[in-house]
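J.: next one to model:
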Amino acid sequence: MTKTLYALLSFVGLICLFSCSETDDTNTEFENWQAKNDAFFEQQYQRAVDSIAVNPTKWKLIKCFSKDKNTEGAHTDYIIVHVLSQRENHDECTTPQYAESPFYTDSVRVHVRGNLMPSTSYNVASASYGNVGYQFDTSWYGAYNAATMIPVAYSVSGLIDGFTTALLNMHVGDRWEICIPYQLAYSSTEKSSIPAYSTLIFDLTLHSFARAGQSFPSFQ
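T.: The predicted model follows:
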C-alpha cells in the first residue's frame, strides 16, 4: 500500500469515526472515554507489576522525570515499558551514543508508532498490552525493518512528559512499547485526532541522539 493511499484511507476512516460519534448518541466511539482509559491504564499497570515479578529485564515502571523521586506517588506518575529489544552490553560500550542516554536538552531520531487504547471500531492485537486501538501516528509503513526505515527527529524537551521520560532512559538501539497515562500526555485537552483523556501507546525505537549544539551522527 502506498503512503498516499494509506493516508487517504486513514483520513476517510477518521472522518467516519467522528461523524458516527456526532450523529449516534447510543454508540459513540469514545463514550465514557476518561473512565475507560482510567480502567485500561490501571489494568496495564497491574499487569506490569505481575510481569516485573517474573521478568524484570523485560518490563519496567519508570516514574516521570518531572515527579518527586522521593515519594512513591500515584500509578499515573509512571509510564509502563515493555522492552521489545535492546542493544547488548551498554555498559561495555565506549562510544557515548551507545553507552549513554539522551539528556533533556538533546535532540533524538526515533522510529515511532502511536495508538490509542481499544475502542468500538479500532481493536488490534498488541504484543505488550493485549489490544490497542486507533493509530494516530506512524513514522513507517508496512513491516518493521530498522535497516530500511527512516527515523524522525524531535527535541526531547518538546515532547509530552511520558514520551520524554522514556527517551531519558533509553539507549541507542532500544525498542520499547510504552504505555503513557493521559496525565503524562495531553490530559483533558483534545490534540488533533487524539481525544481528551487518552492513554497513549507507542512502539518506540531510539535510532540516535545529538547533544545540544552538536550534529547528529551519520544517518547510516
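J.: state the distance spanning the first to the last residue of stretch 143-161.
T.: By Cα to Cα, to the nearest Å, the extent of stretch 143-161 from end to end equals 28 Å.
J.: and the helices in the chain?
T.: 3-23, 33-54, 96-99, 161-167 (DSSP state H).
J.: tally of neighbours for Pro118?
T.: 19 (other Cβ atoms under 10 Å). Backbone N, C-alpha and C define where each C-beta goes, glycine included.
J.: quick check: phi and psi on it?
T.: Torsion angles at Pro118 (phi, psi; degrees, to the nearest 10) stand at phi -60, psi 150.
J.: for it, list the residues it contacts.
T.: Pro118 sits next to 40, 124, 131-133 when contact means Cβ atoms under 8 Å, 6 or more residues apart in numbering.
J.: against Thr120, how distant is the residue nearest to Tyr197 when sequence neighbours are not counted?
T.: Closest residue to Tyr197 apart from its sequence neighbours, by Cβ to Cβ, 6 or more residues apart in numbering: Gln34 at 3.8 Å. Noted for Gln34: a distance of 16 Å to Thr120, by Cβ to Cβ, to the nearest Å.
J.: kindly report the same for Gln44.
T.: Separation of Gln44 from Thr120 (Cβ to Cβ): 19 Å.
J.: still on that earlier bit, the residue nearest to Tyr197 touches Thr199, doesn't it?
T.: No. Counting by Cβ atoms under 8 Å, Gln34 stays clear of Thr199, with 10.2 Å between them.
J.: okay, these two: which has more neighbours?
T.: Each of Gln34 and Thr199 has its neighbours counted (other Cβ under 10 Å); Thr199 has more, 28 against 14.
J.: wait, what's in contact with the nearest residue to Ala153 once chain neighbours are set aside?
T.: Nearest residue to Ala153, sequence neighbours excluded (Cβ to Cβ, 6+ apart): Arg109, at 5.2 Å. With contacts defined as Cβ under 8 Å, 6+ apart, Arg109 is in contact with 151-153, 206-209, 216.
J.: of those residues, grab the buried ones for PyMOL.
T.: In PyMOL syntax, the buried subset of the contacts of Arg109 is picked out as below (16 or more other Cβ atoms under 10 Å):
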select buried, resi 151+206+207+208+209
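J.: turn the contacts of Arg109 into CSV, columns for pLDDT.
T.: Shown next, in CSV, are those (pLDDT from 0 to 100):
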residue, pLDDT
Pro151, 96
Val152, 96
Ala153, 96
Leu206, 96
His207, 95
Ser208, 93
Phe209, 95
Phe216, 80
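J.: what is the nearest of the contacts of Arg109 to Glu29?
T.: Glu29 has its nearest neighbour among those in Val152, at 27.2 Å by Cβ to Cβ.
J.: could you give the bridge partners of the closest one?
T.: Beta-bridge partners recorded for Val152 (DSSP bridges): Val110.
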